[in-house]
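A.B. asks: just coords:
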């Protein structure tokens, strides 16, 4: 959903499509150039509603669109090392995190210039399934198959925080 709840975006695997709907009558918004070169796995809208990010199954594995005209954000660093499974914006909109299948299994972008956050500790234990920021933006969780099922990062210095093992087969943020 966008911040005011007037639109909803859904990705699906039928023809690498994305649907953007008006929630008042469920009519389709004509998103113009919103086309994906991959099957979408997840979609997120920035807190201010100006950007929509889609995580997907083929290179470059992530696409970001400006919601005012549906143009694609083009930045050289907007690429990932593997299948993107989940995407989330930080509460203040300054960062976008993506979980993916190849090491480091999580990538964080600065949304001002779309540069990648570089931090030695920002590596998940396994291939990511889900990602989410805490409501205050001080923590980032990445979830994956197998124990301990998730890693939590302090967004101040990107250090990995101690977390208990849940003993579950899979986990999703």
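C.D. replies: Ah, there it is. In this text, all values refer to a predicted model and were calculated from it rather than measured experimentally.
A.B. asks: from residue 8, how far out is the residue in the chain sticking out farthest from the centre?
C.D. replies: Taking C-alpha atoms, centre = their mean, the residue of the chain most remote from its mean C-alpha position is residue 25, at 27.2 Å. With distances taken as C-beta to C-beta, to the nearest Å, residue 25 is found 12 Å from residue 8. In this view, the C-beta of every residue, glycine as well, is placed from N, C-alpha and C.
A.B. asks: same check, this time on residue 63
C.D. replies: Per C-beta to C-beta, residue 63 is found 18 Å from residue 8.
A.B. asks: which of those two has more neighbours?
C.D. replies: residue 63 (24 against 16; other C-beta atoms under 10 Å).
A.B. asks: name the SS class of the more buried one, please.
C.D. replies: strand (DSSP: H, G, I helix; E, B strand; the rest coil).
A.B. asks: next, count neighbours for the closest residue to it other than its chain neighbours.
C.D. replies: Among residues not flanking residue 63 along the chain, residue 54 sits closest, at 4.9 Å (C-beta to C-beta, 6 or more residues apart in numbering). If you count neighbours by other C-beta under 10 Å, residue 54 ends up with 23.
A.B. asks: thanks a lot, catch you later.
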